[in-house]
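> Give the three-dimensional model of this entry:
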Amino acid sequence: MNNSFKKVVVTGLTLAMVMGGSTAAFASNDKGKGNDKDKDRGRDWNNVIETKYNDKNNDKNNKDININNLNVKNLNIKLSFDDVKGADVEWAARYIASLASKRVFEGYEDGTFQPRKTITRIEAITAAVRLMGLRDQAESAEAKAANLNFKDADKLKNSYSWATGYVSVALQNDLFEESDDMINPGKEADRLWATTLLIKAMKLQDEAKTKMNTKLTFKDANKIPAGSVGYIALAIEKNLIDGYEDNTFRPNNPVTRAELAALLDRTGSQLPDNASISGTISSTVSNNLLTLTVKGQPYSVELDSGAFIFRNGAKVAASELRTGDEVIVRTYGGKAIFVEVKKLGNGSSNQLPDNTNFTASVNAAVSNNILTVIKDGQSYSNELASNVSIIRNGQSVAASELRVGDEVLVRTSGGKVVFVAVTTLANDQQANFIVNGTYNSYTTNSSDQVNSISINKILNDGSVQNNVYYNTTSNVTFLYNTSNGTIQGDRSQLTSNRSVELRGTNNVVHTIVIK
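Below you'll find the model as predicted:
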């Protein structure tokens, strides 16, 4: 996977809230396909969680803090996903956790996040509305009953009835253009469209219009419509997104769930956040109690056993939090579920010793040009030098090729990493692939789920290898190419000799694109 989002959306898991055993992602009638199983569940989304300051000695008034709008009954919090593995998606862990802790963008009821899955427009619109703090309004009876004037309004109500209120609220908040006469809910959201949507969510349309004459320097800048130039220029200025390493923007590339998580979180960091507590750690964590100073007042809260704690570029244990660290905290049920260190405390020793050789294990995918390693339970982070030499498996590679779990020898100079040699490869190797060919057949398991597919594979030299079999994941995604773009598909569209593209990891297919 390319590093565009890792470069800047990520310049600047993983937490999913699953209601009563059903998914908290976006809805449809299929499990694990972008569903928001809110419909027909009889849930009251309008109640408010009230989480109290848990400082028995100092908060005598026991003041309530409104954290999220949801019914607390049957709420279970999941903090990690087995499918968020591999350097192409691990970088998104912090973004996914942050958004899920705010109930903006969440996982599926089957326990997966499906980070490589492409996002649809209706899913992106829903996430944008939630990011703006308008979830209650979008899920109100009034919004759900709105009469929409789009040409495909009937399709929305028939196939995405849960989303009517979100589209209504999006309209009221100028997330659509005046000339838009179609929602295209199932169409893949591409980079240009998603970026424009989130600039609108930030209410920065007027500022974007002042930048329409900006000269973008991307090699494919001619593929960006003139009326969109200002939106892209402003998004780059706001550090929401940037181009790829080959200086292309690729406006028509579809956005994956991992990429959207990064884009959403970078956008959200520039919007008001009333669901978080900001403070400074006043003492080291003891007896699982996090103690802060908040607006000059002491505040303490118990850490949830599965709390997601992010410090200095990596997920860490509570013991790595330091006095003086400036943090944001999100709570549920009186416990901290998400802690992010925004600024390291003075005197924190988190960089590798300078001018030395140091052995450790890679602790996180390289992000923002920062290498994070762990040794003896302590994490260290250093910037990579511009001329860094990285050797892995006997070859010189880019930093993006380093894997979590790689044992490395690191050399630093002037506070930056100048040399990295992988001495032992990580056990969990991720080998992503894309193959093309024509469809032959598929098999199913006892639950009638596709578990393998046979194609006539087109080789690099143009020749064809017949009857090549690939295993598939149990929740394999089907996409269907149409004249209007790529939409969600299903296996019924697989017909003999139909052109297909298989996308997968470690020789297991996770996405089938039907052409």
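> Could you say which helix or strand holds the spatially most central residue of the chain?
When Cα atoms, centre = their mean is applied to the chain, the residue found nearest the centroid is residue 261 (2.6 Å). Here residue 261, judged by DSSP states H and E, is contained in helix 257-268.
> tell me the mean pLDDT for that helix?
Across helix 257-268, pLDDT averages out at 94.
> And for stretch 273-287?
90.
> Need the CA coordinates for it. PDB is fine.
Presented in PDB, the C-alpha positions along stretch 273-287 are these (Å, rounded to 0.1, in the frame of the first residue of the first chain):
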ATOM      1  CA  ASP A 273     -14.000  18.200  21.100                       C
ATOM      2  CA  ASN A 274     -16.400  18.300  24.000                       C
ATOM      3  CA  ALA A 275     -16.200  14.600  24.700                       C
ATOM      4  CA  SER A 276     -12.600  14.600  26.000                       C
ATOM      5  CA  ILE A 277     -10.800  15.600  29.200                       C
ATOM      6  CA  SER A 278      -7.500  17.500  28.700                       C
ATOM      7  CA  GLY A 279      -5.000  17.700  31.500                       C
ATOM      8  CA  THR A 280      -1.400  17.100  32.700                       C
ATOM      9  CA  ILE A 281      -0.300  13.900  34.400                       C
ATOM     10  CA  SER A 282       0.500  14.800  38.000                       C
ATOM     11  CA  SER A 283       1.900  11.500  39.200                       C
ATOM     12  CA  THR A 284       2.900   8.100  37.800                       C
ATOM     13  CA  VAL A 285       0.100   5.500  37.400                       C
ATOM     14  CA  SER A 286      -0.400   3.600  40.700                       C
ATOM     15  CA  ASN A 287      -3.000   1.000  41.500                       C
END
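> thinking again about what came up before, which residue comes closest to the residue nearest to the centre of the chain once chain neighbours are left out?
Closest residue to residue 261 apart from its sequence neighbours, by Cβ to Cβ, 6 or more residues apart in numbering: residue 95 at 4.2 Å. Quick note: C-beta positions are derived from backbone N, CA and C, even for glycine.
> shouldn't the one you found be in contact with residue 268?
No. In this structure, residue 95 is not within contact of residue 268 by Cβ atoms under 8 Å, at 9.4 Å.
> out of those two, which sits in the busier spot?
The neighbour comparison of residue 95 against residue 268 (other Cβ atoms under 10 Å) goes to residue 95, with 29 against 24.
> Stretch 494-509: how far from the chain's middle?
Relative to its chain's centre, stretch 494-509 lies at 25 Å (Cα atoms, centre = their mean, to the nearest Å).
> end-to-end on that stretch?
The first and last residues of stretch 494-509 sit 15 Å apart, counting by Cα to Cα, to the nearest Å.
> what about the stretch 351-500 of the chain, any weak spots by pLDDT?
Within the stretch 351-500 of the chain, the ranges that satisfy pLDDT under 70 run 353-354, 356, 376-377, 427-431, 483-485.
> how does it look with 50?
For the stretch 351-500 of the chain, the stretches with pLDDT under 50 are 430.
> can you give me the helices for it?
Using DSSP state H, counting those that start in this stretch, no helices are found in the stretch 351-500 of the chain.
> quick one: the strands in it?
For the stretch 351-500 of the chain, applying DSSP state E, counting those that start in this stretch gives strands covering 357-367, 370-375, 378-392, 395-396, 407-413, 416-424, 432-444, 450-458, 464-482, 485-488, 499-505.
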